[in-house]
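Q: Can you look at this prediction? I've put the sequence above it.
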Amino acid sequence: MSMTISFNKADKNISLGNRVALKLFLEKQMKKEGIRIEFLQYVFCSDKYLLEINKQFLNHDYYTDIISFDLSEVKGELIGDIYISVDRVKENAKLIKTTQANELLRVIFHGALHFCGYKDKKPADTKLMRSMEDKWLRMFHVEHSKSK
């Protein structure tokens, strides 16, 4: 089993389905994008916890659902940390009328896609990012349904 991807909690527990299948899927998809994962850590936390990171490292004083840090030293060999606010994921799931599990997967994929070079600051970039998130969600659900 892969030790290159880890799911950890800071101050919030999260129910995450088949972690092994998710890790394998992330490794495969990122490899297709030309990224080999050396180490990727997902940290699940509260709004308050992530707000402090946002202020301290990015000088942003607002809530966000995700912050990713690329710590890689070699291009194409990923070392990264992704912090995800469980509170934001729950709120966003309600807002867009989806399940928390599906929104959590979307945010997990969103962070990985940032490391693949996808952006989300300009409208055109956001549109492409959303389409990639949707694609990965569909692919993951199809693969995951086969393995059950």
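A: Nice, thanks for sending it over.
Q: Show me where the chain has its helices.
A: Under the criterion DSSP state H, helices of the chain are mapped to 19-32, 47-58, 86-95, 100-115, 123-146.
Q: Pick the most buried one from those helices.
A: Mean neighbour counts were compared across the helices of the chain using mean count of other CB atoms under 10 Å; the top stretch is helix 100-115, at a mean of 21. Glycine gets a C-beta too; all of them are placed from N, C-alpha and C.
Q: Just the mean pLDDT for that one, thanks.
A: Confidence over helix 100-115 (mean pLDDT, whole number) is 96.
Q: how far does it sit from the chain's center?
A: On the basis of CA atoms, centre = their mean, to the nearest Å, helix 100-115 sits 4 Å off its chain's mean C-alpha point.
Q: Give me the contact list for that helix.
A: 14-17, 22, 26, 29-30, 35, 40, 42, 65-66, 68, 70, 78, 80, 82, 84, 89-90, 92-93, 96, 98, 120, 129, 132-133, 136-137, 140 (CB atoms under 8 Å, 6 or more residues apart in numbering).
Q: For the spatially most central residue of the chain, give its distance to Gln29.
A: Closest to where the C-alpha atoms of the chain average out (CA atoms, centre = their mean) is Ile108, at 2.2 Å. Look at Ile108 and Gln29: by CB to CB, to the nearest Å, they are 11 Å apart.
Q: do Lys9 as well
A: Per CB to CB, Lys9 is found 24 Å from Gln29.
Q: same question, Phe7
A: Separation of Phe7 from Gln29 (CB to CB): 16 Å.
Q: do Arg130 as well
A: Arg130 is 16 Å from Gln29, by CB to CB.
Q: show me the contacts for Tyr83.
A: Per CB under 8 Å, 6+ apart, neighbours of Tyr83: 10, 43, 45, 49-50, 53, 66-68.
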